[in-house]
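**Q** following is a predicted model, sequence given first.
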Amino acid sequence: MQEIIRNIEAEQLKEEAPQFNVGDTVRVYGRIKEGNRERVQVFEGTVLKKQGGSVRATFTVRKNSNGVGVEKTWPLHSPNVEKVEVVRHGKVRRAKLNYLRGRSGKSAKVKELVR
């Protein structure tokens, strides 16, 4: 039974999974279905966390929209995630940036990683 599940999950993996880390500012192009039409909507924000592995891997992106924090969790290998574009790399020392939820203004920013 486990072999069957493993084979199904292997088929659903994306060949080129996007490479980004926690703290990066990313632009996620997500497909949205409205009635019989389909369109692509862009969601830009900071990656708070990455979790899971294989097909079940997800990442959470947070942005400020009109002074209100909005978080969205995306499956990494979903066909509804068209592409993930890294806008800038962040310099962080944590695996999960949950502390950003309670902050606003300048303290909610992540420093840019200069390479």
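**A** Looks like it came in fine.
**Q** look at residue 14 and report its pLDDT.
**A** Per-residue confidence for residue 14 comes out at a pLDDT of 83.
**Q** shouldn't it be in contact with residue 77?
**A** Yes - using C-beta atoms under 8 Å, residue 14 makes contact with residue 77 at a distance of 5.0 Å. All C-beta spots, glycine's among them, are computed from the backbone N, C-alpha and C.
**Q** so residue 31, which state does it fall into?
**A** Under the three-state scheme (DSSP: H, G, I helix; E, B strand; the rest coil), residue 31 adopts strand.
**Q** er, residue 23 actually
**A** Residue 23 carries the three-state label coil when classified by three-state DSSP.
**Q** which elements pack onto the top strand by length along the chain?
**A** Longest strand of the chain, by residue count under DSSP state E: strand 37-51. Secondary structure elements in contact with strand 37-51, counted by 3 or more C-beta pairs under 8 Å, 6 or more residues apart in numbering; DSSP states H and E, are strand 25-34, strand 58-65, strand 68-75.
**Q** tell me the contacts of residue 89?
**A** When the contact criterion is C-beta atoms under 8 Å, 6 or more residues apart in numbering, the partners of residue 89 are 21, 23-24, 112-113, 115.
**Q** rerun that using 6 Å as the cut-off
**A** Contacts were defined as C-beta atoms under 6 Å, 6 or more residues apart in numbering; by that measure residue 89 touches 24, 113.
**Q** any idea how many residues pack against residue 101?
**A** By the criterion of other C-beta atoms under 10 Å, residue 101 has 12 neighbours.
**Q** where does the chain have low pLDDT?
**A** Confidence mapping of the chain against pLDDT under 70 gives zero matching residues.
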